[in-house]
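Asker: Could you work out the structure for the sequence below:
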Amino acid sequence: MNIVKPHFIATALAASVAWSSSTLAEPKLVLQITVDQLRADMPQMVKEHWGKKGFRWLYENGLVYANAHHAHANTETIVGHTTLATGATPAVHGMVGNIWYDRELGRAVYNIEDPDYALLSADADVDDANEIDPTQRAANSDGRSPRAIRSSTLSDQIALAGRGRAKIFGVSVKDRGAVAMAGHAGKAFWFSKAAGEFVTSNYYYERYPQWVLDWNAATKHTKWSGSSWTLSLDENAYSAVDDAAWETNFPGYGITFPHSYGSSDSKYFTTLLTLSPAGDELTADFAMALIDAEAIGKDDVTDYLSVSFSSTDYVGHLFGPASREAEDNLIRLDRTLEKLLEHVDKTIGLRNVVVVLSADHGAADVAGYLQSLNIPAGNINLSDFPDDSVNARLTARFGVGSELISAIEWPYLSLNHDLIAEQGLNSVEVAEAIAAELESIPGIFDALTTREMNAVDKADYVKFAANNYAEGRSGDIHLVVNPHWFVADFDGLSVASTHGSPWAYDRHVPIIFVGKGIPAARVDRAVSTTDVAPTVSALLNIGAPSGTTGHVLTEAIR
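Answerer: Next comes the predicted model:
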């Protein structure tokens, strides 16, 4: 079968190929750092423990946008990463959630699954017992590619402007964190818990480069075998408690320090590494090896490297962002950032690099923690919807009940349009009736139908839901939780905290630019994460991604 790679929307080609590679003589590298679940205020929580060249260097030398927010409602990993990559909302780039219900296939799909492009490592399949990320379980294939992304990315534009000479890479523990940022024209690597190595698919390579084989053969992850995640500072240096009833007790890991990794041949060893700062350390180590092996920043064409750190997200889900584990993770992340930036400075020179730091989404504090401070909060259980009483009311009105619902894949409920047509029903009436039932569930703030999202005058949270709506992927009803309420159960996995709401704590993220000619300053005006890609494009004097809806942040341009 001859498979054609639709690298990006065709209009991007015509708009961008005119740019000469000579415009990219400086900088030598765009280093885009994304920290998964880094709410904007979180780095400041450990400010007194910052080293010299991690967060401190970024905040003291960078243009810091302190009032930056995502403008979409479903604040999840793939959604935020792709927004940062494309400068577009999900309504344009199409990645509406980590999973969505595909009506044509009649099943849930994982955002970057692609049966046409298999993983190069046969033992790296995602359907393994080590996988703590339940969104992966929706995948019908272990194959991976960026073909579902409907817009070109910043990395694609750099590839176009460099006439194919630019080196483009994305690295992360999470496959979606690497693939989204590498775009269609780059190459992506992510950490397989099943294989204990960084892997990729044959969308990117026919075979692994030798340096990747060598890195994986070194089995660097086994250095943690038989050890534990211990506190990096004296316990009196921490403000957070180390034992809270709402923390998740993952088997063999516990809720207090030290957290044992177990032996390298144990069932959950690689999973436990990613539930700790070790996951970020592995990611940085692989990224530094990539810089050296691929000679990043060594010619006159600007290269692009995305490094997405995932541990903050995993630690936050298990223990909550106000836990001692989250506090120590941030301290260790600062050290990992310092190590990465020092390596970039040594090999390329930070004076020759544009560094961009942001996050795919913010973080929600644990319901139990909020309740301990008398802040209203709670958890939502949708597993019983629709129950017998709801089914009876729907049947009495429409002649059919629960069959009207095809799927609930958070935050969407999808209707069975074939059945609605067969029964001669009005789909708007059906949607509104089911929405009314959903709104009676404790913790549900609103159940937005497509008609409500398209209204002219609407509240901000409705605008964010509309920005998340992509035809063919989004469901018929968008569920919005009450502030500080959470769906804390994912496919049977109970977690302490989650994200995915349109409220400020889930949308507020840092945006920092550091580079030659970019002033060191703090800006407090409201900006959007869709502004990142067009701003970097302007800095490089190249075309913005094809679907960009954001604006150039003029403070960064001189």
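Asker: F385: how many residues sit nearby?
Answerer: Counted with other CB atoms under 10 Å, the neighbours of F385 add up to 18. Backbone N, C-alpha and C define where each C-beta goes, glycine included.
Asker: Does I434 lie in a helix or a strand, and which?
Answerer: Per DSSP states H and E, I434 falls inside helix 427-438.
Asker: Name the next helix or strand downstream of that helix, please.
Answerer: strand 444-449.
Asker: List the strands paired with that next one, with their directions.
Answerer: Within its sheet, and counting by DSSP bridges, strand 444-449 is paired with strand 477-481 (antiparallel).
Asker: now for whatever helix or strand comes next after the partner strand, which elements pack on it?
Answerer: Sequence-wise, the next helix or strand downstream of strand 477-481 (DSSP H and E) is strand 485-486. Helices and strands touching strand 485-486, by 3 or more CB pairs under 8 Å, 6 or more residues apart in numbering; DSSP states H and E, are strand 378-379.
Asker: outside of the strand it packs on, which residues touch it?
Answerer: Strand 378-379 has contacts (CB atoms under 8 Å, 6 or more residues apart in numbering) with 367, 371, 442-443, 482, 484-489.
Asker: Partner strands of it, with direction?
Answerer: Under the criterion DSSP bridges, strand 378-379 sits next to strand 485-486 (parallel) in its sheet.
Asker: Next, format the contacts of strand 378-379 as TSV and append neighbour count.
Answerer: Converted to TSV, the contacts of strand 378-379 look like this (neighbours: other CB atoms under 10 Å):
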residue	neighbour count
A367	23
Q371	14
P442	10
G443	18
N482	17
H484	19
W485	22
F486	24
V487	20
A488	21
D489	16
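Asker: of all those, which two lie farthest apart?
Answerer: The span of these, defined through CB to CB, is set by Q371 and D489 at 17.7 Å.
Asker: Show me the strands in the stretch 451-558 of the chain, by range?
Answerer: Taking DSSP state E, counting those that start in this stretch as the test, the strands found in the stretch 451-558 of the chain are 477-481, 485-486, 489-490, 493-494, 508-514, 521-523, 527-528.
Asker: same thing with the stretch 1-150 of the chain?
Answerer: 29-35, 63-69, 99-102, 107-110.
Asker: Y253: which of the contacts of strand 378-379 is nearest?
Answerer: The closest of the contacts of strand 378-379, once distances to Y253 are taken by CB to CB, is A488, at 17.9 Å.
Asker: Could I get the pLDDT score of the closest residue in space to the closest one that isn't next to it in sequence?
Answerer: Excluding the flanking residues, the one nearest A488 by CB to CB, 6 or more residues apart in numbering is N379, at 4.6 Å. Model confidence at N379, given as pLDDT, is 92.
Asker: Please shift the residue numbers so they start at 31 in all later answers.
Answerer: In the new numbering, first residue 31, that becomes N409.
Asker: What is the burial count for N409?
Answerer: The burial count for N409: 18, using other CB under 10 Å.
Asker: got the CA coordinates for stretch 467-486 in CSV?
Answerer: This file holds the C-alpha atoms of stretch 467-486, laid out as CSV (Å, rounded to 0.1, in the frame of the first residue of the first chain):
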residue,chain,number,x,y,z
GLU,A,467,-30.8,15.6,32.7
LEU,A,468,-27.0,16.0,32.9
GLU,A,469,-27.4,19.4,34.6
SER,A,470,-29.2,17.8,37.5
ILE,A,471,-26.1,15.8,38.4
PRO,A,472,-24.3,17.3,41.4
GLY,A,473,-21.1,19.0,40.2
ILE,A,474,-22.2,19.6,36.6
PHE,A,475,-22.2,23.4,36.0
ASP,A,476,-23.6,23.3,32.5
ALA,A,477,-24.3,20.9,29.6
LEU,A,478,-23.8,22.9,26.5
THR,A,479,-25.5,21.8,23.2
THR,A,480,-24.0,22.8,19.9
ARG,A,481,-26.8,25.4,19.5
GLU,A,482,-25.8,27.0,22.8
MET,A,483,-22.1,27.2,21.8
ASN,A,484,-23.1,28.9,18.6
ALA,A,485,-25.1,31.6,20.3
VAL,A,486,-24.0,35.2,19.6
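Asker: Identify the residues contacting that stretch?
Answerer: Contacts for stretch 467-486 (CB under 8 Å, 6+ apart): 408-410, 412, 415-416, 420, 423-424, 443, 458, 461-462, 464-466, 488, 491-492, 495-496, 499, 506-513, 515.
Asker: Point to the helix or strand of this structure where mean pLDDT is at its lowest.
Answerer: Least confident element among the helices and strands of the chain, by mean pLDDT, DSSP states H and E: helix 40-46 (a mean of 37).
Asker: Which residue ranges make up each domain of this protein?
Answerer: The chain breaks down into these domains under automatic domain parsing: 40-123+151-162+177-400+533-580, 411-471+474-511.
Asker: which of the ones you listed sits most buried?
Answerer: Of all those, domain 40-123+151-162+177-400+533-580 carries the top mean neighbour count, a mean of 21, counting by mean count of other CB atoms under 10 Å.
Asker: just how off-centre is that one within its chain?
Answerer: Put simply, domain 40-123+151-162+177-400+533-580 sits 9 Å off its chain's centre (CA atoms, centre = their mean, to the nearest Å).
Asker: All set, thanks.
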